[in-house]
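Asks: Okay, here's the prediction I keep looking at, along with the sequence it came from:
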Amino acid sequence: MVSSEINKLSGHYPRGCTFLNDDWDAIAPFWFPIAFSHDVTDSPIAATLLDQRLVIWRTSQGVSVANDLCLHRGVPMSLGHINNDQLICKYHGFHYNASGACTLIPANPQASIPARLCLKTYPVREAFGLVWTTLSGDGSDANMPQLPEWDSPDYQPILPDSIDISAAVGRQMEGFLDVAHFAWVHHEAFADRDNPEVPPYTVTPTSQGLRAEYLSTVSNFPKELQHRAPADFKWLRVFDVFLPFAAILRVYFPEGGRLCILNAPSPISARKTRLFSPLCRNFDQDQPLEPVYEFNRQIFTEDQEVVESQYPEDLPLDLRTECHIEADKTSIAYRKGLAKLGLSKVYTA
């Protein structure tokens, strides 16, 4: 029996894992968002990351994340409740503390509790209004996206709803980084089919991924507000990619305005993605937020229609699989970056 088969049988990989073993191993050390912080209150909630079912709960010690499974009789802990900082199983009332240790078996309160009767927990961070975890990382912040504007008093943090996408996370990420689709996919929102040209732009490697700087005349204002930009204004868009699956887009608006969008997709499974998109801005802070939510959803919904229709469904890392043009510099660099992480050429996520 090969080692990957042994790992699956021993529980190294989630039950029903849709990823190739080597791909799962390459991705699992990184941080991913799994919930909004504001949703983790006085009751446990369920989430899935890389096919692993998780429970998230909050105590006086902070947020905890663990496998969503009570080892006594296999009931999801997300069905339970919290009392006195204890997460309590719905089936037999087993109590677990914030570290996942079982502290009480109500049916046999005097019994010695086996050490193996505990929840498998994971490192947790709260950042940008989201709960993040890593399934096999060491808990360091080395590969967390960096968005200092979020905590700056000069910026207004905004937290749109998440979007569930029936597509591979790599396809969603590449769509976010693509600048040639503006005129064709987003022509109703902000772009113009009469302005499809992508001027030359630069892509440079960074310690965590890559940076692309793109200057063009494509306005980032919604169609109804495009009169606010001077006719000759050049729009600078800077993409910072944090491999494998996070990116920050900074858009430079007229009069010193800055819009920062964190594209933070969470791979539920190989072809199901939950997209979180926290954003912040240093302008229009006295304006209502509903138009911002609507515009954000319009953009990502327009992308969703395309991404969900692509095939092969998986993002091909073998550059010979698809044809490329000069405007694809960011996509090409991104695919090469994923390949360097050890992901397979026929990438399954």
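Replies: Received, thanks.
Asks: can you give me the strands for the stretch 101-250 of the chain?
Replies: Remark: strands of the stretch 101-250 of the chain, listed N- to C-terminal, are 102-104, 121-122, 124-127, 130-133, 156-158, 163-165, 202-205, 209-216, 235-242, 246-252; assignment by DSSP state E, counting those that start in this stretch.
Asks: Now Met144: closest residue in space, sequence neighbours ignored.
Replies: Computed as C-beta to C-beta, 6 or more residues apart in numbering, the closest residue to Met144 that is not its neighbour in sequence is Trp31, at 5.1 Å. (C-beta placed from N, C-alpha, C; glycine too.)
Asks: How many neighbouring residues does the one you found have?
Replies: 25 (other C-beta atoms under 10 Å).
Asks: Ok, the one 4 residues further on next?
Replies: As a burial measure, the neighbour count of Ala35 was computed by other C-beta under 10 Å and equals 23.
Asks: If it is in a bridge, with which residues?
Replies: Ala35 has the following beta-bridge partners by DSSP bridges: Val131.
Asks: Phi, psi for Arg258 please.
Replies: Torsion angles at Arg258 (phi, psi; degrees, to the nearest 10) stand at phi -130, psi 130.
Asks: I figured it hits Glu149, correct?
Replies: Yes: here Arg258 reaches Glu149: they are 7.2 Å apart, a contact under C-beta atoms under 8 Å.
Asks: what residues are shared contacts of those two?
Replies: By C-beta atoms under 8 Å, 6 or more residues apart in numbering, Arg258 and Glu149 have these common neighbours: 155, 282.
Asks: And those two? Which one has more around it.
Replies: Each of Arg258 and Glu149 has its neighbours counted (other C-beta under 10 Å); Glu149 has more, 20 against 15.
Asks: And that one, how close does it get to Phe276?
Replies: Glu149 sits 16 Å away from Phe276, taking C-beta to C-beta, to the nearest Å as the criterion.
Asks: And Leu315, by the same measure?
Replies: Using C-beta to C-beta, we find Leu315 at a distance of 19 Å from Phe276.
Asks: and if you look at Gly16?
Replies: 24 Å.
Asks: higher neighbour count, those two?
Replies: More crowded of Gly16 and Phe276, by other C-beta under 10 Å: Phe276, with 24 against 8.
Asks: Is the more buried one bridged to anything, and to what?
Replies: Ala264.
Asks: For the protein, which segments count as helices?
Replies: Along the chain, the segments classed as helices by DSSP state H run 3-9, 21-27, 169-177, 182-185, 290-307, 329-340.
Asks: Let me know which of those is tucked in deepest.
Replies: Per-stretch averages of neighbours, counted by mean count of other C-beta atoms under 10 Å, single out helix 169-177 among the helices of the chain, with a mean of 24.
Asks: now for that one, which elements pack on it?
Replies: Counting by 3 or more C-beta pairs under 8 Å, 6 or more residues apart in numbering; DSSP states H and E, the packing neighbours recorded for helix 169-177 are strand 246-252, strand 258-269, strand 272-276, helix 290-307, helix 329-340.
Asks: okay, the ones you listed in CSV with mean pLDDT next?
Replies: Converted to CSV, the helices and strands packed on helix 169-177 look like this (pLDDT from 0 to 100):
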stretch, mean pLDDT
strand 246-252, 98
strand 258-269, 98
strand 272-276, 98
helix 290-307, 96
helix 329-340, 96
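Asks: So which of those is nearest Thr41?
Replies: Each of the helices and strands packed on helix 169-177 was scored for nearness to Thr41 using C-beta to C-beta, and the closest is strand 272-276 (18.0 Å).
Asks: Give the buried residues for the closest one.
Replies: The neighbour-count criterion (16 or more other C-beta atoms under 10 Å) identifies 272-276 as the buried residues of strand 272-276.
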